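S.K.: requesting a structural model of the entry that follows:
(2 chains)
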Amino acid sequence: MSARPGSTVVDRQSGSALSANADDAAAMLVGAVKRFGSDRSAVVALDDVTIAFPAGKFTAVMGPSGSGKSTMMHCAAGLDQLTSGRAFVGNTDLSTLNDRELTRLRRERIGFVFQAFNLVATLTAEENICLPMTLSGRRPSVAVLDQVVSLLRLGDRLHHRPTELSGGQQQRVAVARALVAQPQVVFADEPTGNLDTRSGQEILGFLRSAVDLHHQSIVMVTHDPNAAAWADHVVFVVDGRVHDVMDHPSVDSVIDVMKGLGR
Amino acid sequence: MSQMMRSAARSVLASRGRFVLTGTAIMLSVAFLVATLVLSDSMRGRAAGDIAEALAGTDAVVQGVVLGEPGGGPGDPERSVRRSLDPDITERVATVDGVDGAAAQWVGFAKLVVDGSSVGTGTASDVGRNWVTDPALNPFRLTSGRPPTAVGEIVIDRSLAGDAGLAPGDVVQVLTTTGMHDATITGVATFASADAAPLQRTVLLPDGAVSAWLDTAAPTEVLVDVAEAADRAEVLGRLSALTDAEVIDGSDHIRTMQDAATSPLQFLTVFLLAFAVVAVLIGVTIIFNTFALTVARRRRESGLLRAIGAERRQLLGGVVIEAALVGTIATLAGLVCGVAGVGALRWLVGLAGITLLTGPSIVSTTSIAVAAAVGIGATILSAWIPARRAAATPPIEALRESAAEPRVVSPARTASGLVLAAAAIAGAAVAVVRSSATWVVFVAAIVPALVLCGPAIVTAAARGSARVARRAAGVSGSIAAGNLAASPRRSASTALALMLGTAMVTMFAILASSLTSAVGTDVRKGLQADLVVTSATADFPTVDPTLAGRIGALPDVDAVAALSIAEGIVAGKAEAIGGIDPTALPTMFDLAPIAGDLADLREGGVAVVGDDPRLLGGTLEIGFEGSTLEAPIAAVVARSTGGFEAPLYFVDRATLDASVGRLLDATLFVDLADGVVADAEEDVRALVRATPGSFLETRAEHVANSGSEIAAFRNFIDGMLLLASFIALLGVANTTALAINERSGELGLLRAVGATRRELRRIVRLEVALLSFVAASIGIAVAVGFGWALIDVTGGTEIPSVVVPWSRLAVTLVVAVVAGVVAAAWPAFRVSRVPVLELVGRDR
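M.R.: As a prediction, the model looks like this:
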């Protein structure tokens, strides 16, 4: 493993909770720069971002569209490569991994929930939930599977195929899949974007309880203040930079900050 | 309209890869079709043209009276058998009022031998004729040297000269029915302007030599030149008054000769056309798949267009123009490749030992028009069907999220497919039971039945194999099996191309193996001799008749039995009649008598090959060129001596010689003394090697070689199949690539949650392997069933039993699966290289 930066990473702007001891970070970006395109028409999506996502906490990433919030998450999760800077999951520097090692890391230490295309259509709900583990040749322990299934109340839906499930149920299966391997960190990209309000709230409730009951680390990208209010912290991203970090957010306080961003 | 044109062109350019694949499939089908048409036109056109040109000066022909018409089987003689003419026929014709010239034409067997080995091909007959001195009647033209005048001088056709590298002045030998003759080449001739007469290699002899060399007392026919001033019809009338002869008008004679020369080609043409049709069918399925998927991908776009006011016709028009664009370009390329590829096809046909075409190809406008119409028409039609379906979808439905095809298989579709399949099976069953070929027509219903049942078959196969796949390949296995079932229609039409291909392979493999077995079984079961001496060609005996005696005189040779074959007429059909030594032969070749005694052949009896002992005691009438033989049936045997020209009737050698004159031997069976086999074999080999026109085979070799004509034919089939399979595999590659595109979101998800690139490739490969396996199995199963029925009904005595070459079919299955996987390798590789985020984000 490559050299670990100093034990304390201080966010330049806020110096809030997220700047706490980096040893507690589930995932972390250090001096992260991401540029799309060639020199002249290059778009800077991440502009020297340093941020740690604390372990055992629920962090929401917010920002107007085009702010770089999704890119931040993709790079932190090893789905995309940084132009410069480094990304860590736990103690592992992602830039030192090749494609196969990255793939292994994804299935063993990261969970994903996407907005859409979340399930493999040809597998049952249970097979979908176990997919990351089956891919790495493991089986989830019965206890963990039961725990996740009961948490997400999927007991009677395990043998259905995705097409036989409602949107909310599909997303619950996706969350279950992200949780069952007990990964170091779960990244959720607009997990409620395609759902009606009630199903969305339900999903957020499940994510919240995964953090509270099982100390799961979750990073969620969203543009919905209602969703962000379920998190422990909210990171505001503007123009590829961390603009602000808010602890114990409420819907109103999040809306206020967003208004302040002028959008 | 031009707006639509532009947007169609843009859309083709935008998805170049897909259209290159589709275009290649169309191009290959069209090329194959046009090459077949051109080749068959050329073969027939050249042969017909050459004959018409060569016989242009002949106003009428006098021939012997017809005794029997040609049989229909593969080994049967092809021309009608006629009674011999009188020896003085030429003089009698010449004295008829109004005849300007009469030229006797003597035709017999003559094979050119250079330095002890014979010259010629397996398929062209070796013909000896006299050189006609009247230039108006001579079908041959000298290109160098001078005509033959003295006995021992010959002229050869340009093909022979070319094949053996001979020129005037060279000294050679000629093998005829009367043995080996030394000869000097005085000239080289062409048949009209062709190198050789169609399907013949000709040695031209001087008038003084023909009777002795060709062993005939009278000419085969007399060519007649009617005087300019005379009334042709009147002269013909006077000629027809000649006794024991028939007069044929010159133009009728040309037509008969043309038919005789081109009828063997008919078979080949039908064959090639069958392949071309399959190639086109495969091409059509590929085009259909491509456009079906293209249209599906654009559903939302077209839904939007409909919503903002585009008419159905406008949407349809775009797709059809796009198809026409691709179809036209590919068809044009196909036409060019096809015409250029005639050479390749000639080479392929040449694998079967058939050299038919000399000179340039004839490219008729009909061939071009047919191929072009098929190419462009098929493309447009197969694009129009899915486009119409898409345009019929209500705009709002099209705008909805899911663009994938429904997973449900329409029960009505499957039901109608099953009805058709039942009709096909019933038709085959009735045909087999009643031995009636007309019912076989119903078998054709199996093709639409497979098309209709395809989705149901694929779904069932995917469900059935899911558990096995899961156990064998884990989660990749179940994903692969599931993908098949997820889009049954697409999977089914991909499978269809492969299904047709393998069905075709299987049918011909069964036909070939049944034929080989039919030809080889008798030899395998009956042959007991240590060595066999065979003729140089299958269709004419060429073994020197003195060879049997010389081999028999060798020490350590226990016995020799000769088989001679003559052509005779039984019940109006030309048949091969075998002449044997009824006491010596049975010790070396067991004819398996089931009634009577072969020894009675000595008293002038005849043995009949058959399975009905009640034939015994009857009388058989055999007509020969110069005589008629009436013989009591003294024995019924279950086996013949095997080979392509196996006789169905046997008489004593002496009886046959008395009926038809001296004959060359077709086959000699040799028995060696026990214990000295190796030495004795060397002695016999030396003798045979010094005797042109004869070849030595051991028992094992002879068994293996009987039916080798068919092996050559099989090479040719394999060549064709390679081409058909290649087109089918293009289809697999194409549909796989498209299907992957369609599922990119899901594949991206798999990568995101931790599937490695290798696993992704494995899933794609597994899916294709599964599909290929299902397609090939069904293709083989269907073809085995129906091939069996077809051969059983139409095979007759030529193919008495159906032999299914299981090991070959197993290889076909494996090859189909492996080839499918190979075809999918590229799209699988490409998708595994696409970054995860791009896959997830694609098409959102």
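
S.K.: just the element for B:Ser252, please.
M.R.: Just so we're on the same page, residue B:252 is Asp rather than Ser. helix B:250-297 (DSSP states H and E).

S.K.: so where's the stretch 101-250 of chain A shaky on pLDDT?
M.R.: The stretch 101-250 of chain A contains residues with pLDDT under 70 at A:117.

S.K.: and the strands in it?
M.R.: A:110-113, A:185-189, A:218-221, A:233-238, A:241-247 (DSSP state E, counting those that start in this stretch).

S.K.: what lines up beside the longest one in the sheet?
M.R.: Going back to what we said before, that points to strand A:241-247. strand A:233-238 (antiparallel) (DSSP bridges).

S.K.: who in chain B is up against chain A?
M.R.: Residues of chain B found near chain A (C-beta under 8 Å from any C-beta of the partner chain) are B:407, B:474-475, B:478-479, B:481-483, B:485-486, B:745-746, B:748-757, B:759, B:835-837, B:840, B:844. C-beta coordinates here come from the backbone N, C-alpha and C atoms, glycine included.

S.K.: just checking, what packs against the helix holding B:Asp252?
M.R.: When contacts are defined as 3 or more C-beta pairs under 8 Å, 6 or more residues apart in numbering or on different chains; DSSP states H and E, helix B:250-297 sits against helix B:16-54, strand B:60-63, helix B:312-350, helix B:365-392, helix B:488-526, helix B:708-742.

S.K.: on that earlier part again, wait, which of the strands of the stretch 101-250 of chain A is closest to B:Ile282?
M.R.: Of all these, strand A:110-113 sits nearest to B:Ile282, with 41.7 Å by C-beta to C-beta.

S.K.: can that closest one be found next to chain B?
M.R.: Yes: for a cut-off given as C-beta under 8 Å from any C-beta, strand A:110-113 has contacts with chain B, namely A:Phe112.

S.K.: only C-alpha atoms, please: export that strand in PDB.
M.R.: C-alpha atoms of strand A:110-113 as PDB (Å, rounded to 0.1, in the frame of the first residue of the first chain):
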ATOM      1  CA  ILE A 110     -18.100  -1.400  -2.200                       C
ATOM      2  CA  GLY A 111     -21.800  -1.600  -2.600                       C
ATOM      3  CA  PHE A 112     -23.600   0.300  -5.400                       C
ATOM      4  CA  VAL A 113     -27.200   1.600  -5.800                       C
END
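
S.K.: show me the contact partners of it.
M.R.: A:77-78, A:89, A:106, A:132, A:171, A:174-175, A:177-179, A:181, A:183-189, A:191, B:752-753 (C-beta atoms under 8 Å, 6 or more residues apart in numbering or on different chains).

S.K.: cutoff 6 Å now
M.R.: Strand A:110-113 is contacted from outside by A:77, A:174-175, A:178, A:183, A:186-188, A:191, B:752-753, using C-beta atoms under 6 Å, 6 or more residues apart in numbering or on different chains.

S.K.: follow-up on the earlier one: list only buried entries from the residues of chain B next to chain A.
M.R.: B:407, B:475, B:478-479, B:481-483, B:485-486, B:745-746, B:748-757, B:759, B:836-837, B:840 (16 or more other C-beta atoms under 10 Å in any protein chain shown).

S.K.: residues of the stretch 101-250 of chain A that sit close to chain B?
M.R.: Contact residues, the stretch 101-250 of chain A versus chain B (C-beta under 6 Å from any C-beta of the partner chain): A:103, A:106-107, A:112, A:117, A:120-122, A:131-132, A:134-135.

S.K.: any chance of those in CSV, plus distance to B:Gly187 and neighbour count?
M.R.: CSV is the format used below for those (distance: C-beta to C-beta, whole Å; neighbours: other C-beta atoms under 10 Å in any protein chain shown):
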residue, distance to B:Gly187, neighbour count
A:Thr103, 80, 25
A:Arg106, 85, 27
A:Arg107, 85, 25
A:Phe112, 88, 25
A:Phe117, 82, 22
A:Val120, 81, 26
A:Ala121, 80, 18
A:Thr122, 78, 24
A:Leu131, 84, 24
A:Pro132, 87, 26
A:Thr134, 84, 20
A:Leu135, 82, 22
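
S.K.: before we move on, the earlier item: out of the helices and strands packed on helix B:250-297, the one nearest B:Asp657 is which?
M.R.: Taking the helices and strands packed on helix B:250-297 one by one with C-beta to C-beta, helix B:488-526 is closest: 23.9 Å.

S.K.: run through who's touching the helix or strand following that closest one.
M.R.: Counting by DSSP H and E, the next helix or strand C-terminal to helix B:488-526 is strand B:531-535. Contacts of strand B:531-535 with the rest of the structure, by C-beta under 6 Å, 6+ apart, involve B:541-543, B:666-670, B:684, B:688, B:694-697, B:702.

S.K.: those in helices, which ones?
M.R.: Under the assignment DSSP state H, these contribute B:684, B:688, B:702 to helices.

S.K.: and of those residues, the nearest to A:Asn226?
M.R.: Using C-beta to C-beta, B:His702 comes nearest to A:Asn226 of the ones in helices among the contacts of strand B:531-535, at 91.3 Å.

S.K.: enumerate every residue touching that closest one.
M.R.: Applying C-beta under 6 Å, 6+ apart, the residues near B:His702 are B:Val532.

S.K.: rerun at 10 Å
M.R.: Counting by C-beta atoms under 10 Å, 6 or more residues apart in numbering or on different chains, B:His702 makes contact with B:520, B:523-524, B:527, B:529, B:531-534, B:642-643, B:667, B:669, B:695-696.

S.K.: neighbours of B:Ala638, how many?
M.R.: Each residue near B:Ala638 was counted by other C-beta atoms under 10 Å in any protein chain shown, and the total is 17.

S.K.: correction: the previous question concerned B:Val319.
M.R.: Number of residues near B:Val319 (other C-beta under 10 Å) recorded here: 24.
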